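[1] Here you go, sequence then predicted model.
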Amino acid sequence: MNEDRVTGTAEDLAGKAEGAFGDVTGNPETQLGGRAREAAGKAQNLYGQAKDAARDAADAATGYAKDIYNSDAVRDGSEALAKKIQDNPLGSIVTAGAIGFALALWMSRPSRRRQPRWRYYS
């Protein structure tokens with residue numbers, strides 16, 4: 001629970017109390033002010049909930065990534081790749097060069113944006 005949720009809940013309760021006081025006294029300005037304060041408190045509480053949800057999702061993703069990185073499958077795969085490179089260094093260099101060349105071609109090609117049919121001439 002973060003500060004926004006606590007503050008939002010407090011504002012919500014204060015707005016409800018102010019609105020109830022306005023209802024009892026019959027003062028429309030106090031009623032309206034209470035309702036506005038209540039709405040602002042609810043909005044701040046929702047903002048705090050969204051921040052908490054985003055933080056929880058980021059923590060979960062980080063945990064999953066650490067688990068995958070520390071797993072035996074990743075370690076075994078990297079060891080197998082290193083052994084393959086040691087066994088055939090020339091083939092590894094050619095493969096890496098081909099992948100780099102393909103990426104360079106893909107990144108440097110022009111966009112497919114169509115040229116406009118009309119132009120303004122000054």
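    Okay, I see it. What you see is a predicted model; the values in this text were computed from it and never measured.
[2] Give me the packing partners of the helix ranked longest in the chain, helices and strands only.
    In the chain, taking DSSP state H as the definition, the longest helix is helix 28-69. Packed against helix 28-69 by the contact rule (3 or more CB pairs under 8 Å, 6 or more residues apart in numbering; DSSP states H and E) you find helix 3-25. The way it works is simple: take the backbone N, C-alpha and C, and place the C-beta from them, glycine included.
[3] Run through who's touching the helix it packs on.
    Helix 3-25 has contacts (CB atoms under 8 Å, 6 or more residues apart in numbering) with 28-49, 51-52.
[4] Out of the residues you listed, which end up buried?
    Among those, those scoring as buried are Thr30, Gln31, Gly33, Gly34, Arg37, Glu38, Gly41, Gln44, Asn45, Gly48 (criterion: 16 or more other CB atoms under 10 Å).
[5] just to revisit the earlier point, show me what secondary structure element comes after the longest helix of the chain.
    Later in the chain than helix 28-69, the nearest helix or strand by DSSP states H and E is helix 72-87.
[6] ok, and what's touching that next one?
    When contacts are defined by CB under 8 Å, 6+ apart, helix 72-87 is touched by residues Ile68, Ser92.
[7] what angle do that helix and helix 28-69 make?
    For helix 72-87 against helix 28-69, the angle by axes from the mean of the first three to the mean of the last three CA atoms, to 10 degrees is 50 degrees.
[8] mind saving the C-alpha coords of helix 72-87 as PDB?
    What follows is the C-alpha trace of helix 72-87 in PDB, where atoms were taken according to Å, rounded to 0.1, in the frame of the first residue of the first chain:
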ATOM      1  CA  ASP A  72      20.000 -25.200 -15.600                       C
ATOM      2  CA  ALA A  73      18.500 -25.100 -19.200                       C
ATOM      3  CA  VAL A  74      20.000 -21.600 -19.900                       C
ATOM      4  CA  ARG A  75      23.400 -22.600 -18.400                       C
ATOM      5  CA  ASP A  76      23.400 -25.900 -20.400                       C
ATOM      6  CA  GLY A  77      22.400 -24.100 -23.600                       C
ATOM      7  CA  SER A  78      25.200 -21.500 -23.300                       C
ATOM      8  CA  GLU A  79      27.700 -24.200 -22.500                       C
ATOM      9  CA  ALA A  80      26.600 -26.200 -25.600                       C
ATOM     10  CA  LEU A  81      26.800 -23.100 -27.700                       C
ATOM     11  CA  ALA A  82      30.300 -22.300 -26.400                       C
ATOM     12  CA  LYS A  83      31.400 -25.900 -27.200                       C
ATOM     13  CA  LYS A  84      29.900 -25.700 -30.700                       C
ATOM     14  CA  ILE A  85      31.900 -22.400 -31.300                       C
ATOM     15  CA  GLN A  86      35.100 -24.000 -30.100                       C
ATOM     16  CA  ASP A  87      34.600 -27.000 -32.300                       C
END
